[in-house]
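> next comes the sequence, and after it the predicted model I'd like to discuss.
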Amino acid sequence: MGAYTAAYERSIADPTRFWGLAARDVRWLVPPDRVLDDGAPPFYRWFTGGELNTCDNALDRHVEEGRGDQPALIYDSPVTGTVRSYTYRELTEIVARFAGALRAQGVDRGDRVVIYLPMVPEAVIAMLACARLGAVHSVVFGGFAAPELAVRIDDARPKAVVSASCGIEAGRVVPYKPLLDRALDLAKHKVERCVIRQREQLHADLVRPRDVEWDEAVAAAEPAECVPAAATDPLYILYTSGTTGRPKGVVRDNGGHAVALRWSMENVFGVGPGDVFWAASDVGWVVGHSYIVYAPLLTGCTTVLYEGKPVGTPDAGAFWRVAAQHRVKALFTAPTAIRAIKKEDPEGALLAGYDLSALDTLFLAGERLDPGTYRWAARVLDRPVIDHWWQTETGWPIAANLRGLEPMPVKPGSPSVPVPGYAVRILGPDGAPLPPGEDGDIALRLPLPPGTLPTLWQDDERFVESYLTKHPGHYLTGDGGHVDEDGYVWVMGRTDDVINVAGHRLSTGTMEEVIASHPAVAECAVIGVEDPLKGQVPRGLVVLKNGVLAEPGEVCAELVAMVRDQVGPVAALKEVTVVPALPKTRSGKILRGVMRGIADGREVSAPSTIEDMTVLDALRPVLRADD
């Protein structure tokens, strides 16, 4: 029995012992009474009775254990020309001081703090300062529209907001303070204090006495000690993207979160204390919470905070420059970032200028990794490219190739096997388990492992209705797919991306996999649109790589033929259109549902998380061309 199989079977058969052992890597102020409290299903709690402080585990303990002079955080900002490093000792002192500043503004244990910041060190500092006080932070992506920010303020009801005068995109400055002021005007909940980080690129006007400058608040503050928190106390609330009406506030607890993320770093990602880890995401997303801030620091790694883009800051070699300059061992980003780099630099020529000898592994997640993107990255980097799959709700990987536990053969298109702790099941419409190779709902048998959401913020009923009702005793992931004979999980996309063509249920993900394998295609999406004869038919949208000489019409004809050959005539894909770009959220997810609604002639609104509205606006006439 291999190391993975043994660990996985132990985690499912005896989760209390498995996670009890993992919890030894966390510094507890009061050891837990119980590892798993399963007395009130479907609600489960981990490490009840235990007390700890997440900031203490992420910072103070490393200083006390001899890592004080090791870099904890490297801030790399090509948009401002800044690179700055903070040791564990320096970061601990700064966080303690800002925690004192928050306390002086009235923030105490259990209070909520909304953080509305760009990718600057203050975002990490504010998160850790909240954790230090036992306060609950809710990070909202910097630059979010005022109405959406107002909704989150009304739901979280924060004591304070931490923000900045502006964010900086490639070539432009985005004023944040007017957006925040507008949101505060719209919100029913009245925020008592706002702490504003003034950036030199734009100075914001303050509303006194509500607003205080960051530097003023810190200068007047006394450092705050770590406040004990119950393992089951919330650490943060993170609102899921793309929701309408009242958003879903995913709750993360302190104890299970610390244990699971600490375990994941060495077992999933194969990195340990002293290694440099870079998650090229944003602190507004779950990847930023888990793998920019908490997991690397809980482990004693050096983490990289990057204020830039994969292309355009200044070019498609930006990621390779950062990885080389900071001796990154593991890089974690989204497939869409790699596709953007591939589109700009199809041959990977820009890699030649950088020493990537420290880089062991590229990890990709956040959306489905198509085999074409996998093969390109593996070819140009000549090192392991590892897909893994998880969700905002779970907080850490559900399925992965566990590089620190037992590396496995890669199957392009699959995130590999279930991670220990996750009892993955493929269920049919009636809830019955399906055999290997057959597509169904991907569900997780309860209890979920530590680090996953215990509920939604102040809404247990919605938690049960959204995730636990369709298949009792299971958490519904909302993704469809299958498990093969070797136990590998294949995630074919959201279950609403399964289309019904003349009675045949077909995965648009399967068709996208075929289309993405064409050498001229940089990105693609397949959506199901209404058809009076067949119910639905697929429609393909593709972005071509730079420098493609073939005529777009020829490429589209080849793609139709490829899908017919590899999926079958039943797929009925007859229309593929070349477009300049695909509409996405800021986290890189393609807005398939929105495009499908437009194509069907329905009135649909873009989610607040959209990256660039002009891309969607340009596509509307293309999608409605058949009207």
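The structure has been received and is ready for your questions. Numbers count the residues shown, from 1 in each chain.

> where along the stretch 251-400 of the chain do the helices fall?
255-267, 286-287, 295-299, 318-325, 335-344, 371-381 (DSSP state H, counting those that start in this stretch).

> low-confidence stretches in the stretch 301-450 of the chain?
Within the stretch 301-450 of the chain, no stretch has pLDDT under 70.

> related to what we said a few turns ago, and L184, which of the helices of the stretch 251-400 of the chain is closest to it?
Closest of the helices of the stretch 251-400 of the chain to L184 is helix 286-287, at 25.6 Å (criterion: C-beta to C-beta). Just so you know, the C-beta spots here come from the backbone N, C-alpha and C atoms, and that holds for glycine as well.

> how far off centre is the closest one?
3 Å (C-alpha atoms, centre = their mean, to the nearest Å).

> please apply the same query to stretch 164-178.
Taking mean C-alpha positions (C-alpha atoms, centre = their mean), stretch 164-178 and its chain are 22 Å apart.

> that one: end-to-end distance?
One end of stretch 164-178 to the other measures 11 Å (C-alpha to C-alpha, to the nearest Å).

> may I see the buried residues of it?
A164, S165, C166, G167, I168, E169, Y176, K177 (16 or more other C-beta atoms under 10 Å).

> repeat for stretch 79-88
Taking 16+ other C-beta under 10 Å as the criterion, stretch 79-88 shows V79, Y86, T87, Y88 as buried.

> in helices, which of those appear?
The helices, defined by DSSP state H, take in Y88 from the buried residues of stretch 79-88.

> what about this protein, any weak spots by pLDDT?
1, 241-246, 496-498, 502-505, 533, 625-627.

> and it, split by domain according to the record?
The record's domain parsing of the chain by automatic domain parsing lists 3-308+390-481, 502-623.

> how about I341, nearest residue that isn't a chain neighbour?
A316 (4.7 Å; C-beta to C-beta, 6 or more residues apart in numbering).

> wait, that neighbour sits on P346?
No - contact criterion C-beta atoms under 8 Å: A316 and P346 do not qualify, at 9.6 Å.

> out of those two, which sits in the busier spot?
The residue with more neighbours, out of A316 and P346, is A316; 22 against 18, by other C-beta atoms under 10 Å.

> dump the residue contacts of the more buried one.
P310, A340, I341, E344, D345, L350 (C-beta atoms under 8 Å, 6 or more residues apart in numbering).

> what's the neighbour count on the second one?
Residues lying near A340 (other C-beta under 10 Å) number 22.

> what helix or strand does V424 sit in?
Using DSSP states H and E, the element containing V424 is strand 423-427.

> what residues does that strand touch?
So strand 423-427 is contacted by 12, 398-399, 418, 433-434, 438-445, 471, 474, 481-483, 489 (C-beta under 8 Å, 6+ apart).

> dump the buried residues of stretch 79-88 into JSON lines; add distance to F332 as well.
What follows is these, written out as JSON lines (distance: C-beta to C-beta, whole Å):
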{"residue": "V79", "distance to F332": "21"}
{"residue": "Y86", "distance to F332": "20"}
{"residue": "T87", "distance to F332": "23"}
{"residue": "Y88", "distance to F332": "21"}
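
> out of the buried residues of stretch 79-88, which is nearest to A618?
Of those, the one sitting nearest to A618 (C-beta to C-beta) turns out to be V79, at 25.3 Å.

> just checking, the closest one touches E169?
Yes - with contacts counted by C-beta under 8 Å, V79 reaches E169, the gap being 7.0 Å.

> which positions within stretch 197-211 qualify as buried?
Quick answer for stretch 197-211 (16+ other C-beta under 10 Å): R197, Q198, R199, L202, A204, L206, D211.

> got it, and stretch 61-77?
61-63, 67-68, 70-77.

> can you give me the end-to-end span of stretch 64-81?
33 Å.

> now do it: distance to the chain's middle.
On C-alpha atoms, centre = their mean, the centre of stretch 64-81 falls 22 Å from that of its chain.
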